[in-house]
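>>> from the sequence below, what's the structure:
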Amino acid sequence: MNTNRIQVEVAAGNHKSGQIPEKQGFRFGWTKRDGELLVDNVFTGIAIYGLLKRKFKG
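Just a heads-up that it's a prediction; the model follows:
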């Protein structure tokens, strides 16, 4: 596969979910403010993690 970048999105503030991509070599990039509308009609942020092809060790 000829992909340059892979991106993972997790709920901002959910530190356990954020640890999963970090353990796989992804780096935190930014937070998308109010990126998702929850069931209770409240917006929450989304933490964006990325992994570039040149940084992939596999």
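
>>> what about the strands in this structure?
5-11, 27-37, 43-52 (DSSP state E).

>>> quick check: mean pLDDT across the second one?
Mean pLDDT, taken over the full extent of strand 27-37, equals 95.

>>> who does that strand touch, helix- and strand-wise?
Helices and strands touching strand 27-37, by 3 or more Cβ pairs under 8 Å, 6 or more residues apart in numbering; DSSP states H and E, are strand 5-11, strand 43-52. For glycine as for every other residue, the C-beta is placed from the backbone atoms N, C-alpha and C.

>>> return the set of buried residues in the shortest one.
Neighbour counts using 16 or more other Cβ atoms under 10 Å place 6, 8, 10 of strand 5-11 among the buried residues.

>>> nearest to Leu38, of those residues?
Ranking those by separation from Leu38, with Cβ to Cβ as the measure, puts Val10 on top at 14.0 Å.

>>> centre of the chain versus stretch 40-58, how much separation?
2 Å (Cα atoms, centre = their mean, to the nearest Å).

>>> contacts for that stretch next, please.
Residues from elsewhere that reach stretch 40-58 (Cβ atoms under 8 Å, 6 or more residues apart in numbering): 3-14, 18, 21-22, 24-38.

>>> can you do 6 Å?
4-12, 18, 21, 25-26, 28-38 (Cβ atoms under 6 Å, 6 or more residues apart in numbering).

>>> are any of these buried, and which?
For the contacts of stretch 40-58, a burial check counting by 16+ other Cβ under 10 Å picks out 6, 8, 10, 12, 18, 21, 26.

>>> need the helices and strands packed on strand 27-37 in CSV (columns: mean pLDDT).
As requested, the helices and strands packed on strand 27-37 are exported to CSV (pLDDT from 0 to 100):
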stretch, mean pLDDT
strand 5-11, 95
strand 43-52, 96
